[in-house]
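Novice: Kindly return the folded structure for what I paste below:
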Amino acid sequence: MKLSEFLVAPRVLLSLLDRSRTRSGYPDSAALTHSLERAIHADALGYHRFWVAEHHAVPGIASGSPAVLLAAIGAHTRDIRLGSGGVMLPNHQPLVVAEQFLMLEAQYPGRIDLGLGRSLGFTEPVRQALRRSKDAPDTFATDALELRRYLEGTAVVTARPASPGRVPIFVLATRTGLKVAAQLGLPVVVGGPLLGIGTAGRVKALEEYRRAFQATDAYPDPYVVVSLEVMVADTTEAARDLLIPEAYAIAESSRTGEFPPLASPDEIRGAALGDRTTRRIDSFLASALYGTAIEVKEHLNDLAERTGADELLASTSTFDRAALEHSDQLLREVI
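Specialist: Take a look at the predicted model:
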């Protein structure tokens, strides 16, 4: 039987989120080269979007400036949409963000997205360096509205280069973020515990978002992007093993307070994994989708049914770059 007979319904678009993960034994700069090479491959495979992240002073992530990285990627790709997953709005003035992404849109017309998040720095010293405090007022909703007006050309001042309505905004949403997105009438990107991987039934929070959505001319309908770890390999065991480096990094960050580079499988096998680390690795794997192409197809069909997702944003990382490229190719064939 041909793989095409197992394809997920074509209405679901497929995109990638790349976090510019650093790898043990490589300089930080290599992570940016790896992101660029992955974007070129994703463009050739026909992925819909390629998004990059913003993290500051994190040992495991090299990208602190999505706009700069996207400018480089745009120069080496042709068709794929490019965006941020996301710009952390509390760290920036809305006008400056608008100017950055309008400049990108001017260089790569019709290809630029702006995903907005609300996370602060990873640690207290980083938050201090960013001039942010956990106790600062939450101005995300008003800042997002202001930014939207700059992008739409309806603000008191005109952000340049002017290109009204050409850069769509997405909200990286928790439950609170879903409410804000619905009130502002914006698309959402959801992941993690909110999706309830492995559970049955529709996702209530997404149903509430759709009911509360305030339609506008720019965004007449609610739009849901589901983001999660997805790994595809020739066997289930191989796909699971490829997720271990990211799972181990997350477990280590909980133990040490520092998010580390991706370790090689040999490094992880040589490490002494305590019960707590093992439980955290198992929890990460339980929230991911992995397996052969046929197995992942079945998982994705169930997820699409429960969430009503319009798009899948696969946020996959692993130490082995050749295996990651193979996974990206297999996933593209599934959808």
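
Novice: use CA for all of it now, contacts and neighbours both
Specialist: OK.

Novice: tell me the strands in this structure, going along the chain?
Specialist: With DSSP state E as the criterion, the chain has strands at 13-18, 49-52, 81-88, 114-117, 169-172, 188-191, 224-228, 230-232, 289-291, 311-314.

Novice: partners of the first one in the sheet?
Specialist: Think strand 13-18. Note on strand 13-18: by DSSP bridges, its sheet partners are strand 49-52 (parallel), strand 311-314 (parallel).

Novice: Could you check the pLDDT of residue 256?
Specialist: On pLDDT, residue 256 comes in at 83.

Novice: Report how many residues lie close to it.
Specialist: Burial of residue 256 is recorded as 9 neighbouring residues (other CA atoms under 10 Å).

Novice: One more: residue 110?
Specialist: Counted with other CA under 10 Å, residue 110 comes out at 16.

Novice: Return the residues in contact with the closest residue to it other than its chain neighbours.
Specialist: Leaving aside its sequence neighbours, residue 110 sits nearest to residue 166 (CA to CA, 6 or more residues apart in numbering; 6.8 Å). Counting by CA atoms under 8 Å, 6 or more residues apart in numbering, residue 166 touches 105, 110, 151, 152.

Novice: any idea how far residue 197 lies from residue 87?
Specialist: Plainly put, residue 197 is 26 Å away from residue 87 if you go by CA to CA, to the nearest Å.

Novice: With residue 298 instead?
Specialist: Using CA to CA, residue 298 is found at 32 Å from residue 87.

Novice: Looking at those two, which has the bigger crowd around it?
Specialist: Per other CA under 10 Å, whichever of residue 298 and residue 87 has more neighbours is residue 87, with 26 against 15.

Novice: now the helices for this protein?
Specialist: Taking DSSP state H, the helices of the chain run over residues 28-45, 66-74, 94-107, 124-129, 140-152, 175-184, 204-212, 236-256, 265-270, 275-286, 293-307, 321-334.

Novice: quick one: which of the ones you listed is nearest residue 14?
Specialist: Closest approach to residue 14 among the helices of the chain is made by helix 321-334 (7.4 Å; CA to CA).

Novice: What is the closest one packed up against?
Specialist: Under the contact criterion of 3 or more CA pairs under 8 Å, 6 or more residues apart in numbering; DSSP states H and E, helix 321-334 touches helix 28-45, strand 230-232, helix 293-307.
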